[in-house]
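>>> Could you work out the structure for the sequence below:
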Amino acid sequence: MRVSETLLKTVGYVAEVVHSGKEDHYDHSATGFFVTVTAPAEPSRGWGHFVTARHVAVDLQDRDIAFLVNTRSGGVAALTMSSDRWFFHPDASVDVAVLPFSAMPEHDLVTIGPESFLTPDLMTALKIGLGDELIIPGLFTFAPGVKRNLPIVRIGSLAMIPDEPIQVDCGFAQVYLVEARSIGGLSGSPVFVRGSLKFPLRPMNADGEFMGTSSIPYLLGLMHGHWDTRESEMNKAHFVADRQRGVNLGIGVVVPAEKILEVLDHPGLIAMRQNVKATPNRKCQTKASPVL
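A predicted model of the protein is given here:
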C-alpha cells in the first residue's frame, strides 16, 4: 500500500554534533518523532515533545546532540538540545525517552496527538491483530540525505501480541513483536499499524470473510531494535543471542504506545506544561483522528 507523505513528516533525526574547524558536522545516530499534548480545556493549543528510544539518549549522554528537521524552504534545520533534559519511564525496561520540543513555523513536520496512540482498548475496538500491516519511517544511516532528511520506509506486519513480559536485551519488558527487519538508524522510529478491512467472501456460494487492504494508520509504538543470532546457530532449537556478531532474525521489538503515554505523563513534564505557556498546535490531530 502507498504510504502517505504525512507519515514521513512525523520523524526527525538524532545526531551527535561533531565540532571540526569552522563548521559543525553531524553524525546521524537514530530516529525520533514529534508528539503534541493538548490541554483538555484548550484542544487547539499544546506542548511539543520529541520522542526516541531511551538507549539512544543514554548512548549520547554528555555529548552535544542535535535534531535534524526538514524546513519548508527546502533545507534542514539543526536544533541543538541539552542531553540532560531527557525524561524517562521509572521502569528502566521501557525504552522510551522524551524531550520537550517547540516546533517553529518554518519546520516542515507533523506532530502526533495522543488520540492516535493505539492503546489496548483501542486495539480491541479496531480489531487490530496479527498480520496487520506496519509502516516504519526512519533513518537509513547509509543515505540520510544532505540537502533534506530522506526517511526510508520499512514495511512489516504485527507478529505477536504477548500478554506477558518478553525477555529482550534490556531485561523483561512489555513489547510487541513484529515481522520487520530493524536497522540501527531505525531505533526510536514510530511504528504505525493499519488494520485490515473485511469484505464478504462467497466462493462457490459459501459464506465467509476475506481480509485485505488496509485502513488508516495508528501509532503502535516505538522501534526498540531486533534480535540477532550467530549464523552457525540459526538452525538450533536454542541459541544465545549475540548482538555484536550475528544475523538479523527479521523479528523487531516495539515498545507499546501506552508506555510512551506513561512517559508523557511524567510528573516533571506535567509540571513543565503547567508552568510554560502553550504554543499554537498547528498540526496536532484532533480528537479520535488517527495520523493520515
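>>> Would you agree Leu7 is in contact with Pro137?
Yes. Under the criterion of CB atoms under 8 Å, Leu7 makes contact with Pro137 at 5.6 Å. Backbone N, C-alpha and C define where each C-beta goes, glycine included.
>>> anything in contact with each of these two?
Val153 (CB atoms under 8 Å, 6 or more residues apart in numbering).
>>> Distance-wise, check Asp64 relative to Ala78.
For Asp64, the distance to Ala78 (CB to CB, to the nearest Å) stands at 11 Å.
>>> Contacts only, for the closest residue in space to Ala143 that isn't next to it in sequence.
Distances taken as CB to CB, 6 or more residues apart in numbering put Leu150 closest to Ala143, at 6.5 Å, once the chain neighbours are dropped. For Leu150, the contact set (CB under 8 Å, 6+ apart) comprises Phe140, Ala143, Pro144.
>>> buried subset of these?
Buried members of the contacts of Leu150, scored by 16 or more other CB atoms under 10 Å, are Phe140, Pro144.
>>> Serialize the contacts of Leu150 to TSV and add fields for pLDDT, secondary structure and distance to Ser73.
Converted to TSV, the contacts of Leu150 look like this (pLDDT from 0 to 100; DSSP: H, G, I helix; E, B strand; the rest coil; distance: CB to CB, whole Å):
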residue	pLDDT	secondary structure	distance to Ser73
Phe140	87	coil	24
Ala143	88	coil	22
Pro144	83	coil	19
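>>> what's the closest of the contacts of Leu150 to Glu133?
Comparing the contacts of Leu150 against Glu133 with CB to CB places Phe140 closest, at 20.1 Å.
>>> Next, Glu164: secondary structure please.
Here Glu164 is coil, with the state taken from DSSP: H, G, I helix; E, B strand; the rest coil.
>>> Tell me, how many residues neighbour it?
Neighbours of Glu164 under the rule other CB atoms under 10 Å: 6.
>>> And Asp24, by the same measure?
Asp24 has 14 nearby residues by other CB under 10 Å.
>>> Check the gap between it and Val14 for me.
As defined by CB to CB, Asp24 lies at a distance of 15 Å from Val14.
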